[in-house]
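*Asks:* Here is a sequence with its predicted model. Questions after.
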Amino acid sequence: MSYLGENIPKLGFGLMRLPMIGDAVDIEQTKQMVDLFMDKGFSYFDTAYGYLDGKSEEIAKTVLVDRYPRERFQLATKLPAWLGAKNAQEAQDMFRTSLKRTGVEYFDYYLLHNLGANRTDVFEKFGIWEFLAEQKKQGRIKHLGFSLHAKADHLDEVLTKHPETEFVQLQINYVDWDHVTIQSGRCYHTAVKHGKPVIIMEPVKGGCLASLPGEAEKLLKAYNPAASAASWAIRFAASLENVIVVLSGMSAFEQMTDNAACLRELKPLNSEEEAIIKKAAGIISNTTAIPCTSCAYCADGCPQKIPIPQFFNSFNNYKRYGLLPSLLNSYAFAASLANKASACIACKQCEEHCPQHIAIADWLKETAKVFEKKTQ
């Protein structure tokens, strides 16, 4: 059975984590990466209104739009109506701003950005679904969908309410496949149930699955010494059916080379590799500092409205993978929607409700020490 985007080469270039020189994006290296990407036959680029404080869309114009014929590539971007828009007009203006920044007349794939929790309601309140449907009718959008960081039940609700959705973008990787909060597997199957093809984001979990705990790395290397850890994660995602592209936020030329080699001629995981990667996922999941199950009993009634499970998930990922820079964005985003870990007043009512008997107040202090000194 055919599906939208099935003929697009499976690697997508995510323009969020780009090579840097100090605090600035390395434009020349990014151009080289774009050239290699295009030379290898790939064509899908993903940006967003808010990436890199709005600079990602401008960079897309510089490294791609100004240098290649429009028919050579697919360009996707996203509208975050919840990000500072006070009314419908300001939210709609984000779309117009994206057109201006990128210098294109239309977007191949356009997304309502990051549905979930009360963010979903903002798109309804501002009439963004209807506004973007009109933009599509006028030819400024070829295909309309949304990205989501929420549970499968929420995804099911949105797709039921908006069957006009053409595709969904989901966080999918082998460690999060059975995760009780992220629910990669359940979300994927929900999209398939609704007949929607999937764009995969975070296949390497923000770079975390490129640098594994020793035991997991040995397991993968024993089977295939030449394969990088990242290539296992990319192949896991690309082996799924009904996938338009697997996005990778590549921040170095070497990463582009590795990912392009992996997906230029995709070899889906065989049954033995599937078993190995499942075992590796178990090893990674068991190297956990805080035994939090994300039940969220602790967060209910927190007077400071601290998203405790999300912060503990970030802390555990830091301890597992040691890749602090790639985790700072997720921490800062969660804190911006609620409150920082350092806002804890140690009332400890959360600890009274924790089935795992975690010393939550103490761990929040440790979390703040790790993340907040880098996000001030």
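*Replies:* Good, I have the coordinates. All values derive from a computational prediction rather than experimental measurement.
*Asks:* Tell me where this protein has strands.
*Replies:* For the chain, applying DSSP state E gives strands covering 11-14, 20-21, 24-25, 44-46, 74-79, 107-115, 141-148, 167-171, 198-201, 243-248.
*Asks:* These: which one's closest to residue 57?
*Replies:* strand 74-79 (6.2 Å; C-beta to C-beta). C-beta here means a position set from N, CA and C on the backbone, and glycine is covered the same way.
*Asks:* Show me what the closest one packs onto, helices and strands only.
*Replies:* strand 44-46, helix 55-60, helix 88-102, strand 107-115 (3 or more C-beta pairs under 8 Å, 6 or more residues apart in numbering; DSSP states H and E).
*Asks:* rerun at 7 Å
*Replies:* strand 44-46, helix 88-102, strand 107-115 (3 or more C-beta pairs under 7 Å, 6 or more residues apart in numbering; DSSP states H and E).
*Asks:* Mind putting those into a markdown table with mean neighbour count and mean pLDDT?
*Replies:* Below are these laid out as a markdown table (neighbours: other C-beta atoms under 10 Å; pLDDT from 0 to 100):
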| stretch | mean neighbour count | mean pLDDT |
| --- | --- | --- |
| strand 44-46 | 26 | 98 |
| helix 88-102 | 17 | 98 |
| strand 107-115 | 24 | 97 |
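*Asks:* Export those to TSV and append columns for distance to residue 241.
*Replies:* Shown next, in TSV, are the helices and strands packed on strand 74-79 (distance: least, C-beta to C-beta, whole Å):
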stretch	distance to residue 241
strand 44-46	18
helix 88-102	31
strand 107-115	19
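*Asks:* what's the closest of those to residue 179?
*Replies:* Closest of the helices and strands packed on strand 74-79 to residue 179 is strand 107-115, at 17.7 Å (criterion: C-beta to C-beta).
*Asks:* Off-centre distance for that closest one?
*Replies:* The chain centre lies 13 Å from the centre of strand 107-115; the measure is C-alpha atoms, centre = their mean, to the nearest Å.
*Asks:* what pairs with that strand, and is each one parallel or antiparallel?
*Replies:* strand 74-79 (parallel), strand 141-148 (parallel) (DSSP bridges).
*Asks:* Might you report the residue contacts of the residue lying closest to residue 103 once chain neighbours are set aside?
*Replies:* In this structure, residue 103 finds its nearest non-sequential neighbour in residue 61, 4.4 Å apart by C-beta to C-beta, 6 or more residues apart in numbering. For residue 61, the contact set (C-beta atoms under 7 Å, 6 or more residues apart in numbering) comprises 101, 102, 103.
*Asks:* picking up where we left off before, pick the most deeply packed of the strands paired with strand 107-115.
*Replies:* strand 74-79 (a mean of 26; mean count of other C-beta atoms under 10 Å).
*Asks:* That one versus strand 243-248: what angle between them?
*Replies:* 70 degrees (axes from the mean of the first three to the mean of the last three C-alpha atoms, to 10 degrees).
*Asks:* Only alpha carbons, please: show strand 74-79 as CSV.
*Replies:* Written as CSV, here are the backbone C-alpha positions of strand 74-79 (Å, rounded to 0.1, in the frame of the first residue of the first chain):
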residue,chain,number,x,y,z
GLN,A,74,11.5,19.4,0.3
LEU,A,75,11.4,22.0,3.1
ALA,A,76,9.4,21.6,6.3
THR,A,77,8.9,24.1,9.1
LYS,A,78,6.6,24.5,12.0
LEU,A,79,4.3,27.0,13.7
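*Asks:* any residues touching it, and which ones?
*Replies:* Contacts of strand 74-79 (C-beta under 7 Å, 6+ apart): 8, 43-49, 57, 60, 94-95, 98, 102, 104, 107-113, 128, 147.
*Asks:* how far is it from where the chain is centred?
*Replies:* For strand 74-79, the distance to the chain centre is 14 Å (C-alpha atoms, centre = their mean).
*Asks:* quick one on the thing from earlier: put together TSV for the strands paired with strand 107-115, with mean pLDDT on each row.
*Replies:* As requested, the strands paired with strand 107-115 are exported to TSV (pLDDT from 0 to 100):
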stretch	mean pLDDT
strand 74-79	98
strand 141-148	97
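*Asks:* Including distance to residue 370, could the ones you listed go into TSV?
*Replies:* Shown next, in TSV, are the strands paired with strand 107-115 (distance: least, C-beta to C-beta, whole Å):
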stretch	distance to residue 370
strand 74-79	29
strand 141-148	27
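*Asks:* Those: which one's closest to residue 273?
*Replies:* For residue 273, the closest of the strands paired with strand 107-115 is strand 141-148, at 28.1 Å, according to C-beta to C-beta.
*Asks:* Only the C-alpha atoms, please, for the closest one, written as PDB.
*Replies:* Only the C-alpha atoms of strand 141-148 are listed here, as PDB (Å, rounded to 0.1, in the frame of the first residue of the first chain):
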ATOM      1  CA  ILE A 141       1.500  24.500   1.900                       C
ATOM      2  CA  LYS A 142       1.700  21.200   0.000                       C
ATOM      3  CA  HIS A 143       1.100  18.900   2.900                       C
ATOM      4  CA  LEU A 144      -0.200  19.700   6.400                       C
ATOM      5  CA  GLY A 145       0.500  17.800   9.700                       C
ATOM      6  CA  PHE A 146       1.700  18.300  13.200                       C
ATOM      7  CA  SER A 147       4.400  17.200  15.600                       C
ATOM      8  CA  LEU A 148       3.600  15.900  19.000                       C
END
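*Asks:* any low-confidence regions in the stretch 151-300 of the chain?
*Replies:* In the predicted model, the stretch 151-300 of the chain carries pLDDT under 70 at residues 291.
*Asks:* Can you show me the helices along it?
*Replies:* 152-161, 184-193, 214-223, 229-238, 253-264, 271-286 (DSSP state H, counting those that start in this stretch).
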